[in-house]
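Visitor: Can you look at this prediction? I've put the sequence above it.
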Amino acid sequence: MTLVSRYWVAITTWIVLILLLAGLYAASVVSPYRITFLSGWLLFVCILALVMYNLRNRLSFVSWGASVGWFQFHVSAGLLTLALFVVHIGLRVPNGLFEVTLTLLYAAGAVSGFVGLTLLTVASRRLVTGGEEVSLERIPIMRERLREKIEAIVERAVSEDHSTILADFYDRQLAAFLDEPRNRWGRFLDSPRSRRGLLTDLESLSHDLGEKEREKAEELRVLIHARDDLDYQQTLRGTLKYWLFIHVPVAYCLLIFSLVHAIVVSAYTTGVE
């Protein structure tokens, strides 16, 4: 979806929102139903639609339409619930344990949604400049391949050049760098501290290396960059994945509590037992 298309989708969403709120206000004047009753059911429908986005991602084998369109709808529906929630509760303070729980669940869902949208925006922009995009599941495999390439270069330096300078560098610093991603928070903040320090130390060895060893050191430099890019992507993609462990359960809990709340209120309002 192009930037212009997203712009018009956002404009359309807010027009629909304004018309919906105007309709709710008119209904509260001419209809016997209270505005809280109507806004509550509309809010429940929106929450159900939001949860459907997660189901769409889980049931990817079913043709549910383009993912970008669903995501745009998810964001728009989330914004719509904010206005509906304010209309629904008005200035009234939640009363009782159930209402307080329902309000806290909605607040947690809304806040985690905004946090997730921010993370996704930041990650999408940074992943463009973070080297070749790799899925989270493939990162461990590619990391192991890079380790094998680096170790092969170090072994060739020892066998072909009869020098242990690169091997000592590997044992002293590079092996620890390859074991596990370092400086996770720094990588999330786009800090190249670990890579920069390692490359600086590698560069400082150049005056002790022969011509062929320098070529191997250059190969190591390229592979260190590649490994650092993988760590960078793992940090960003992992953060987005773990964020879902908060947002999605909260959304399902909110849906269940909202359904119970809607049934109880509808039964009480309409006289249904």
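Guide: Ah, there it is. Numbering: from 1, shown residues only.

Visitor: Which other helices and strands does the host helix or strand of Arg147 contact?
Guide: Assigned by DSSP states H and E, Arg147 belongs to helix 139-161. Under the contact criterion of 3 or more Cβ pairs under 8 Å, 6 or more residues apart in numbering; DSSP states H and E, helix 139-161 touches helix 165-169, helix 175-179, helix 211-270. Just so you know, the C-beta spots here come from the backbone N, C-alpha and C atoms, and that holds for glycine as well.

Visitor: For Ala267, give its distance to Trp70.
Guide: Going from Ala267 to Trp70 by Cβ to Cβ, to the nearest Å gives 33 Å.

Visitor: Could you do Thr103 as well?
Guide: Distance from Thr103 to Trp70, by Cβ to Cβ: 27 Å.

Visitor: With Ile165 instead?
Guide: For Ile165, the distance to Trp70 - Cβ to Cβ - is 55 Å.

Visitor: One more: Val45?
Guide: Taken as Cβ to Cβ, the span from Val45 to Trp70 is 16 Å.

Visitor: can you check Val100 too?
Guide: Val100 sits 32 Å away from Trp70, going by Cβ to Cβ.

Visitor: Without its sequence neighbours, what residue ends up closest to Glu213?
Guide: In space, and not counting its chain neighbours, Glu213 is closest to Asp161: 5.2 Å by Cβ to Cβ, 6 or more residues apart in numbering.

Visitor: In contact with the one you found, which residues?
Guide: 210, 212-213, 216 (Cβ atoms under 8 Å, 6 or more residues apart in numbering).

Visitor: now the residue of the chain positioned farthest from its centre: how far from Arg156?
Guide: Going by Cα atoms, centre = their mean, the residue of the chain most distant from its centre is His162, 48.2 Å out. Going from His162 to Arg156 by Cβ to Cβ gives 11 Å.

Visitor: Leu146 and His225 touch, don't they?
Guide: No - assessed by Cβ atoms under 8 Å, Leu146 is found out of contact with His225, at 10.2 Å.

Visitor: Quick check on those two: which one has the bigger neighbour count.
Guide: Comparing Leu146 with His225 by other Cβ atoms under 10 Å, the one with more neighbours is Leu146, at 17 against 14.
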